[in-house]
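Novice: Build me a model from this:
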Amino acid sequence: MILRRAAAVGALSMAFVVVAAAPAFAHAQLESTDPQAGSVFDDPPQNVTLTYTEPVEASLGAVRVFDGDGDRIDAGQPEHPDGDGSRVRVDLPDLGGGSYVVTWRVLSADGHPVQGAFTFQVGPEATTDDPDALAARLLASQGGSESLGAAFAVTRAGVFASIALLVGGVAFLVLVWPGGRTSVRAAKLVWAGLIGAAVATAAGLLLQGPYAAGLGLGDALDPDLLGETLDTRFGRVWLARLVLLGVGALLVRRLLPGRRPVAEYPLTPAWRAAALATGAAIVVTPGVAGHAGSGDLVPLAVIADTVHVGAVAVWLGGLVLLVAALLPVADAAVLRSAVPRYSQLALAAVVTIVVTGTFQSWRQVGALANLRDTDFGRVLVVKLMVVAALVVVAAFSREVVNRRFRAKTAERYRERVLAVAGGGPAGGPGGGDIEPPELDDDEADAFEVRNLRRSVAIEVVLAAAILSVTAVLVNTEPGRTAESEPVFEVLEGDGISVELQVTPADTGPNDVHVTALTPEGAAMDVLEMEVELTLPERDIAPIAVPLRRLGPGHYASFDFSIPISGEWTLTADALVTDTEQRTATGEISIG
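Specialist: Model (predicted):
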């Protein structure tokens, strides 16, 4: 019955992940493009170079170039110029006059795809009425499959749940309940964790290629995509996990001898050292291949993530064995030995989770406002709420343990029951006519085991919810990076549009590019361009942006310093003729 309920909880958790999942486009940001977005050239560029905020993988993605009719132009293979992993370059053929669209899709350091598009023009004549609409249409056609994104999210959830069950189950049998090595239920759960982790990891390796390349679920068995996946950091880490799980299978086989006498398979110091090293290596893989492996403070983040995942596994994996293997079959003597031991271990795990989780949240969220303003922050709040509920329920479980399984006699239990009932010791103040419950030790144990099973079962349900939310969270762009994305905007005015690019859109030096466009989106030559920034909420005087002309209608300012974060108002005044000026205005977020 308990195992069937656990299966139902798992199914509901997977359903949540499927509903919440979507293809994620994170987490490196595009810093600059050469040619600049929206620029107009007298002479055609020889190549396209994209610069990102962190190293990216170009092998599974693509940089494609299209003409004004949407036809693809043959370009070179993506490469990292001078070995710089944060830059991707493709060579261009000789381009004629007209409009061009560049679409790109690469793999960021944490294993998620990043995509986008921009336009440029050669010569004074545009060959499409609306280049931005053409770019959006071409990019949408390369956006990937929603069913593939959902399948990949479910795979990640399966990895988290299986690692927790495997590592936590082994820790439970070694540290809490050594006698459980002969338990058929415990053996099934630990082996399920190991096999589930292996299957989910293998599935992830097959899905990562089409997921990163923007293809469909039917391309998962393409051997070329698998080969390219194995050349990425994600592929190497997940393949290493498969090897570690193979080693883990040998260790688990000795831990769980089945029908063979346990005495013939002692857990020697060498076995314990190997199990500790293998378990630590397995729990390090999610962080190295994910958020912890990119951004600031990477070494410290990887350590914190490893400790965090390990503590979660010890707590939640142990919970599953407690409710599904130990409580249904153990006698009172075993419970008095094992349950308090697990309670202490779980308490240490919870403290560790809170400390490491606080550091991870600070690193990924950045500012408190991002808890409200970013998808990552909102999902994190949901996770924290479920964790808080789990801690409350765990406190009830711990109270049951302290109330009964650490008491030496039934008399102490009876006194505690009286205290909870508002009485006190018989004959004492407040005791009144309340009589101690007539329960012997066996009845008291049975009563409290039922209480403990109920509270721990609720903990398991909440734990499954946490793992599901975590699977969605790792597929979401961190609040810190979402907060500081470069600005790509089109400012609308009367008879003119201005395409704006501000990089990195943070306080300090920024590159600002403005390109005059007709209302239809074609490049528009102007005699002069003036841009100023104002921050009304801080009463800052207008700041003029010094510009120099790069091409027809295209002006730029390099290393322009924006002193304060906030919602700035940008006003662009374009001198169209000697006597006519047109203005476009918009808001940009800095910092």
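
Novice: Got the phi and psi for the spatially closest residue to Gly96 that is not a sequence neighbour?
Specialist: Leaving aside its sequence neighbours, Gly96 sits nearest to Val122 (CB to CB, 6 or more residues apart in numbering; 6.9 Å). Every residue, glycine included, has its C-beta placed from N, CA and C. When quoted as degrees, to the nearest 10, the phi and psi of Val122 stand at phi -110, psi 120.

Novice: For Val122, give me its contacts.
Specialist: 40-44, 95-98, 100 (CB atoms under 8 Å, 6 or more residues apart in numbering).

Novice: That one bridge partners, please.
Specialist: Val122 forms beta bridges with Phe41, Gly98, as assigned by DSSP bridges.

Novice: now it: how far from Asp74?
Specialist: 17 Å (CB to CB, to the nearest Å).

Novice: can you check Gly318 too?
Specialist: 58 Å.

Novice: ditto for Ala465
Specialist: 50 Å.

Novice: where does Ala544 land in three-state SS?
Specialist: strand (DSSP: H, G, I helix; E, B strand; the rest coil).

Novice: and the helix or strand where Gly149 lies, average pLDDT?
Specialist: Remark: Gly149 resides in helix 146-171, with elements defined by DSSP states H and E. For helix 146-171, mean pLDDT is 87.

Novice: how distant is that helix from the center of its chain?
Specialist: 13 Å (CA atoms, centre = their mean, to the nearest Å).

Novice: so the very next helix or strand once past it versus helix 146-171, what angle?
Specialist: Per DSSP H and E, the first helix or strand lying C-terminal to helix 146-171 is helix 184-213. Interaxial angle of helix 184-213 relative to helix 146-171 (axes from the mean of the first three to the mean of the last three CA atoms, to 10 degrees): 150 degrees.

Novice: which residues touch the following helix or strand past helix 184-213?
Specialist: Proceeding N to C from helix 184-213, the next assigned helix or strand is helix 223-230, under DSSP H and E. Outside of helix 223-230, the residues that reach it under the criterion CB under 8 Å, 6+ apart are 59-60, 205-206, 208-210, 212-213, 215, 219, 235-236, 239.

Novice: Stretch 197-206 too?
Specialist: With contacts defined as CB under 8 Å, 6+ apart, stretch 197-206 is touched by 151-152, 155-156, 158-159, 162-163, 166, 220-221, 226, 229-230, 235, 238-239, 241-242, 245, 282.

Novice: So among those, which ones count as buried?
Specialist: Neighbour-count burial (16 or more other CB atoms under 10 Å) applied to the contacts of stretch 197-206 gives 151-152, 155-156, 158-159, 162-163, 166, 220, 226, 229, 235, 238-239, 241, 245, 282.

Novice: could you dump stretch 381-388 to CSV, C-alpha only?
Specialist: The C-alpha trace of stretch 381-388 is given here as CSV (Å, rounded to 0.1, in the frame of the first residue of the first chain):
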residue,chain,number,x,y,z
VAL,A,381,9.6,31.4,-3.4
VAL,A,382,7.3,28.4,-4.1
LYS,A,383,10.1,26.0,-3.3
LEU,A,384,10.9,27.8,0.0
MET,A,385,7.2,27.7,1.0
VAL,A,386,7.1,23.9,0.4
VAL,A,387,10.4,23.5,2.3
ALA,A,388,9.0,25.5,5.2
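
Novice: Is Ile562 bridged to anything, and to what?
Specialist: In this entry, Ile562 is beta-bridged to Gly508, by DSSP bridges.

Novice: Please report how far it lies from Pro546.
Specialist: Counting by CB to CB - Ile562 and Pro546 are separated by 13 Å.

Novice: With Leu207 instead?
Specialist: For Leu207, the distance to Pro546 - CB to CB - is 49 Å.

Novice: Neighbour count for the two, which is higher?
Specialist: Leu207 (23 against 12; other CB atoms under 10 Å).

Novice: check contacts around that one.
Specialist: 148, 151-152, 155, 217, 220.

Novice: And the furthest pair within the residues you listed?
Specialist: Within those, Thr155 and Leu217 form the most distant pair, 11.8 Å apart (CB to CB).

Novice: Let me know whether my guess that Asn510 is in a strand holds.
Specialist: Yes: according to three-state DSSP, Asn510 belongs to a strand.

Novice: can you count the residues close to it?
Specialist: 21.

Novice: Can you tell me how far it is from Thr374?
Specialist: 21 Å.

Novice: got it, and Thr128?
Specialist: 34 Å.

Novice: and the nearest residue to Gly493 once chain neighbours are set aside, which of the three is it?
Specialist: Nearest residue to Gly493 in three dimensions, chain neighbours excluded: Ala584, at 3.2 Å (CB to CB, 6+ apart). At Ala584, secondary structure determined by three-state DSSP is strand.

Novice: Beta-bridge partners for Ala584, please?
Specialist: Assigned bridge partners for Ala584, using DSSP bridges, are Gly493, Ala572.

Novice: does it really touch Glu499, like I thought?
Specialist: No: counting by CB atoms under 8 Å, Ala584 does not reach Glu499; the two are 9.7 Å apart.

Novice: State the mean pLDDT of the helix or strand hosting Ala311.
Specialist: If you go by DSSP H and E, Ala311 is part of helix 298-312. Helix 298-312 carries an average pLDDT of 85.

Novice: So which bits of it are buried?
Specialist: 301-312.

Novice: the inter-axis angle of it versus helix 146-171?
Specialist: Going by the same axes, to 10 degrees, helix 298-312 makes 70 degrees with helix 146-171.

Novice: Counting neighbours, what do you get for Thr119?
Specialist: Neighbours of Thr119 using other CB under 10 Å come to 26.

Novice: do Val262 as well
Specialist: By the criterion of other CB under 10 Å, Val262 has 15 neighbours.

Novice: Quick one: residues contacting the nearest residue to it once chain neighbours are set aside.
Specialist: Spatial nearest neighbour of Val262, excluding adjacent residues (CB to CB, 6+ apart): Arg181 at 5.5 Å. By CB under 8 Å, 6+ apart, the residues touching Arg181 are 173, 255-257, 262.

Novice: swap in Ala572?
Specialist: 491, 493, 498, 500, 514, 529-531, 583-585.
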